[in-house]
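Enquirer: one predicted model, sequence on top.
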Amino acid sequence: MTSRGVRRLLLSAVALVAASTVSAGTAAAALPQEPQGLLAKVVVIGVPGLSWYDVKSSPELTALVNESHVGSITVKTAGPHTCPIDGWLTISAGTRAWGSVPDEECGELPGVVDGKVQGWQTYVDRQAAHHTGAPLGRLGDSHRQKPLCGFGPGAALAVARPNGTVVNWQHQLDLAKLASPACSDAIIDAGALPLREGRDEARKKVADLVAQVRAADGWVLLVGISQLTSNAHKELLVAMQLPPDNGPRWLTSDSTRRPGLIQLTDVTATVLRGEAEPLDPAGAEKAGPLGGNEIHFTGDLHTNAAAVIEDRLDTDERFLHPRGTLIAVAMTLLVAQLAALGWFLKTRSRRARSTSEFTMLAQGGFFIAVFLSTATVWWCWPYPGFSLYCVVLAISAAFAGLTRAVLKQWAGLGILLAAYLILLVDGVLGTPLQFGSMFTDGPVIGGRFYGFGNSTFATLAVAALVTAGWVAQRLLDQSRVKAALAVLAIGGLAIIVDGKPGWGTDFGGIIALTPAVLLMAWLTWRGSISLKALVGIGLAGVLAVTAVAVLDYLRPPDQRSHFGTFVQTVLDGDVADVLIRKLQMSLGFFQTPAGWFMLVGVVLAMIATVWPDKVPFEAYRRFYVSRPMVRPTLLALSICGLVGMLLNDAGVALPAIMTGFALPLLVAHLLAANVLPESHLVQESSSVDRHRQ
């Protein structure tokens, strides 16, 4: 095949990846929708701090469960805390807003003087200072044709217009006005629940308020609007919709795509019901896309209030423990690795070598265990946090033992192949294993609700690139073209699953993985690369990602994923705020010594892939030149990590996770493949003989 022919082949593969990422798979099943008559009026009752423990402790609220579509709501906003003021401003903007002051307690809600929210401009300036892009006043400004009522201090923030003025607002609830045509929709601040004394009485008042508001007809949405204090225990709060249609079911939205889960910005989208208008406070700029989608219901009927409440409390446990347990498991594995490696370096015995190899393989198995542990439903077990800790370590050890027993020195490849296949299947199924795992921020932190997160992508990238390198190595003797095509096939499949909307839906991931796969395929085919070819590969990767984003943007707005939303943001001129926020998140890792430690480790790992002669370990230098595909594979891993670090909000954490997966498996392979010096073998054999005698 000529050079021009192979170039065409590579470009065709890029085009195929871009097209398949958007078109592959089946369309998501349509969820049942409420009839339009039920949406004639939407009344939102916001209660800061309303948790499922409150529902369990209140007979009046418990009685509402079987009369409602129910779910949990994540109240993460743009700032580090979600105080009541953050929650109400987020409803006002329809996207995550920043209301409170960092490192300070939650303040009182501002008052309304002469028809305007006090200090409104301060909150507007705060959005600009933190680059949230939140258009405060969107909800109030979008209801100029249909009267929107507000009742209570928090509701004033929600219904205020972009200049801070409030109309059709009252400090106390007026049921007569609520039921009149003067209110097409309404926002009610039911007041924050007391932290201790008086909470039982406050719960009963909330239930009574729901009963009173239902008399006004329409669609009543009772939601926890925020945490109560800046240092509050983070959990998913209550969401109920009354009356239920077709019997009580589970609330959801297209922004979460998870039964029983909505987010705060969905409230705004539901009140607007597709009627959002551009902001126009004397020529203000157009608002960007909403951060949420309309709330609807899905799933089977629920008729047992006690079971529903326990399910919601178990769900809180599911999202509470993974992050803390991740640290505990990681430290356990690290201590075991250092202890075993130190033992081996000191004694050079076979037993020490075997133990060290096992701990390294267990580290690789951990990157599978974080996903498979979800299938055990550990959050329903006694002591959920400890159960998760034990489950993850057990699965990690099981993979280490099984792969070593079956594959010997190639055990690491077995773990990588298993990770590759498991994540491909998980992506196609809608990421049920990743959701709520240690490798996703989860709804409490406001991370991904669907698709692959940064840690999951890092795992998939390492697994895909090393698997592709191993397969290509097996095919090199037959044909370099076949080997390059194998790289494109294995890497391309990972790109499709990672990037396809509805599967991995990972915009940043395919930006990093596409050039790495193309570079690896080129090096497999040619053995070396010129600057011109390197630039061409970069442009091909950009074109592929751009094609995916544009095709996703062409879909209806409520069906778009992160790709199409980003294109809309670019067209609206708000991309600067998005990029600045991502840069701030990326640089945030360097506020602690851990970030700098990760950077040093990543830089050293990348140096080892480019200049192996500088690595002071002979075993690694021999390994680097032992097979032709070692160098392309390691270079592809470095390119993927470097691009991901520079263009992803995970920053240095992304290549650090990749290194944490790949390096222990490489060390395990070197330990298993490297033969001890003959003198050590003789000494050890003599020692064994003397012991037997």
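Expert: Now that the structure is in, tell me what you want to look at.

Enquirer: checking residue 225 next. Helix, strand or coil?
Expert: coil (DSSP: H, G, I helix; E, B strand; the rest coil).

Enquirer: which strand residues bridge the nearest residue to it once chain neighbours are set aside?
Expert: Excluding the flanking residues, the one nearest residue 225 by Cβ to Cβ, 6 or more residues apart in numbering is residue 46, at 3.7 Å. Any C-beta I mention is one placed from the backbone N, CA and C, and that applies to glycine too. Legend: beta-bridge partners of residue 46 under DSSP bridges are residue 189, residue 223.

Enquirer: now do the contacts for residue 46.
Expert: Counting by Cβ atoms under 8 Å, 6 or more residues apart in numbering, residue 46 touches 87-88, 91, 154-155, 158, 187-190, 223-225.

Enquirer: buried ones among those?
Expert: Applying 16 or more other Cβ atoms under 10 Å to the contacts of residue 46, the neighbour count classes 87-88, 91, 154-155, 158, 187-190, 223-225 as buried.

Enquirer: from the residues you listed, which single one is nearest residue 259?
Expert: Checking the buried ones among the contacts of residue 46 against residue 259 with Cβ to Cβ, the nearest one is residue 223 at 16.9 Å.

Enquirer: follow-up on the earlier one: now pLDDT and distance to residue 495 too, for the contacts of residue 46, in a markdown table please.
Expert: Output for the contacts of residue 46, formatted as a markdown table (pLDDT from 0 to 100; distance: Cβ to Cβ, whole Å):
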| residue | pLDDT | distance to residue 495 |
| --- | --- | --- |
| 87 | 96 | 38 |
| 88 | 97 | 41 |
| 91 | 97 | 38 |
| 154 | 96 | 45 |
| 155 | 97 | 47 |
| 158 | 96 | 42 |
| 187 | 96 | 44 |
| 188 | 97 | 48 |
| 189 | 97 | 47 |
| 190 | 95 | 48 |
| 223 | 97 | 38 |
| 224 | 96 | 39 |
| 225 | 95 | 40 |
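
Enquirer: between those residues, which sits nearest residue 398?
Expert: Nearest member of the contacts of residue 46 to residue 398, counting by Cβ to Cβ, is residue 224, at 39.8 Å.

Enquirer: so for the residue nearest to residue 225, what's the pLDDT?
Expert: Per-residue confidence at residue 46 stands at 97 (pLDDT).

Enquirer: ok, it to residue 266 distance?
Expert: Using Cβ to Cβ, to the nearest Å, we find residue 46 at a distance of 13 Å from residue 266.

Enquirer: the helices in the stretch 401-550 of the chain, which residues?
Expert: All helices of the stretch 401-550 of the chain, identified by DSSP state H, counting those that start in this stretch, fall at 411-428, 442-445, 454-475, 480-499, 507-526, 531-553.

Enquirer: now for the fourth one, which elements pack on it?
Expert: Taking 3 or more Cβ pairs under 8 Å, 6 or more residues apart in numbering; DSSP states H and E as the contact definition, the neighbouring helices and strands of helix 480-499 are helix 3-23, helix 411-428, helix 454-475, helix 507-526.

Enquirer: also the third one?
Expert: Helix 454-475 sits against helix 411-428, helix 480-499, helix 507-526, helix 630-647, helix 653-673, with contacts defined as 3+ Cβ pairs under 8 Å, 6+ apart.

Enquirer: dump the helices and strands packed on helix 480-499 to TSV, plus distance to residue 163 and mean neighbour count.
Expert: Below are the helices and strands packed on helix 480-499 laid out as TSV (distance: least, Cβ to Cβ, whole Å; neighbours: other Cβ atoms under 10 Å):
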stretch	distance to residue 163	mean neighbour count
helix 3-23	41	17
helix 411-428	46	22
helix 454-475	39	25
helix 507-526	35	26
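
Enquirer: want to throw those into CSV with distance to residue 551 and mean pLDDT?
Expert: Supplementary listing: the helices and strands packed on helix 480-499 in CSV, determined by distance: least, Cβ to Cβ, whole Å; pLDDT from 0 to 100:
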stretch, distance to residue 551, mean pLDDT
helix 3-23, 4, 37
helix 411-428, 18, 96
helix 454-475, 21, 95
helix 507-526, 13, 90
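
Enquirer: could the ones you listed be laid out in CSV, adding distance to residue 231?
Expert: Formatted as CSV, these follow (distance: least, Cβ to Cβ, whole Å):
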stretch, distance to residue 231
helix 3-23, 42
helix 411-428, 35
helix 454-475, 26
helix 507-526, 31
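
Enquirer: surely residue 359 is in contact with residue 332?
Expert: No: applying Cβ atoms under 8 Å as the test, residue 359 and residue 332 come out as separate, 10.3 Å apart.

Enquirer: one step back: nearest to residue 251, out of the helices of the stretch 401-550 of the chain?
Expert: Nearest to residue 251, of the helices of the stretch 401-550 of the chain and by Cβ to Cβ, is helix 442-445 at 13.0 Å.
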